[in-house]
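1. Need coordinates for the below:
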Amino acid sequence: MTHIKVIIPAFNEAASISNVINDIPTRVDEIIVVSNNSTDNTEINAKKAGATVLKETNKGYGYACLKGMDYISKQEKRPDIVVFLDGDYSDYPEELTKIVAPIINDDIDFVIGTRVKRLREQGSMTIPQIFGNWLATSLMTLFFRAKFTDLGPFRAIKYDTLLALNMEDKTYGWTVEMQLKVLKQKFSYAEIPVNYRNRIGVSKVSGTVKGAIFAGIKILGWIFKYSIKK
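-> Residues are numbered from 1 along each chain as shown. Next up, the predicted model:
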C-alpha cells in the first residue's frame, strides 16, 4: 500500500478550497491545507471538507509548502509520496492518480502535471505565465539538457527525494528550485499532461503586475544561480 499525503498552500481560497479537497481521490491518506495568512473562510471551509489545516503567518508559497513538510516530518508514519496542489481549483484534483502512477509503477522520483495547450481552458494561463514557463524551461534545457516543459504546481515526489532536495525557497521560486535540484542531483523525472481550467478568484501571482515581476525575477535567479554552479 502506497501512502500519499497532499499539501495545498492556500491564501484566501474560501470559494474554491472545498471543491479541491472533495475532488482528491480517496486513496490519499491526508490532505494538508496550509493557510498562508488567509483572512476569509479558507480555514473553516477546509476543515469542514475534512482537511488538516495549518497556519503559516509568513506570506509566501514556499513558506506554506515548508510548513506542510515540517508537519509531516513530525509524524510517526511518513508517506511514500507527497503531492503539491494549488487551492484555486485550476487543476483537476482527480488527476492525482495519473500523476502518482509513474512513481508507483515505474519508480520515477518526481512527476509534474504539465499544462499542455490542448488541455488548457482558454484564458487559464496568462501571457506572462506562458512566456515565463517557456523561458524558464528553455533555459533549463540550454544549461542542464533538461526535458521539462512546464513549472506546473500540480506535482508528486517521493518523500525521501523531497527530503534530499533540502528545499529552501520561501516565495515564488519554490517550483523551479525543486526542478533544478532534481536535475542537479540526477533524480529521475517525468511529465504527465493534465487538464487546466480558469481558477476561481484572482491569482495572487499572475493576476498582478508585481506578482508576475517578482515571480519572474525569482525563477530566473534560481536558474542562473545553478548554471554558475555547474
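2. what residues are up against the residue nearest the centre of the chain?
-> The centre of the chain sits closest to P153, judged by CA atoms, centre = their mean, with a distance of 3.0 Å. Applying CB atoms under 8 Å, 6 or more residues apart in numbering, one finds that P153 lies in contact with F84, L85, D86, D91, T175. The C-beta positions use only the backbone N, C-alpha and C, and glycine is treated the same way.
3. same check, this time on G123
-> By CB under 8 Å, 6+ apart, the contact set of G123 is N198.
4. So it, which state does it fall into?
-> Counting by DSSP: H, G, I helix; E, B strand; the rest coil, the backbone at G123 sits in coil.
5. And it, how far from N19?
-> 19 Å (CB to CB, to the nearest Å).
6. Contacts for stretch 19-27 next, please.
-> Here stretch 19-27 has contacts from 4, 6, 8, 13, 31, 33, 46, 49-51, 85-89, 92-94, 96-97, 200, using CB under 8 Å, 6+ apart.
7. go with 10 Å
-> The contact list for stretch 19-27, computed with CB atoms under 10 Å, 6 or more residues apart in numbering, reads 1-4, 6, 8, 10, 13, 28, 31, 33, 45-51, 83, 85-97, 100, 200.
8. Once you drop chain neighbours, what's closest to Y63?
-> The spatially closest residue to Y63, leaving aside those adjacent along the chain, is K170, at 4.9 Å (CB to CB, 6 or more residues apart in numbering).
9. circling back: filter the contacts of P153 down to the ones in strands?
-> Counting by DSSP state E, the contacts of P153 place F84 in strands.
10. For the contacts of P153, which single residue is the most surrounded?
-> Within the contacts of P153, most neighbours by other CB atoms under 10 Å means L85, with 29 neighbours.
11. List the backbone torsions phi and psi for that residue.
-> As for L85, its main-chain torsions (degrees, to the nearest 10) stand at phi -150, psi 140.
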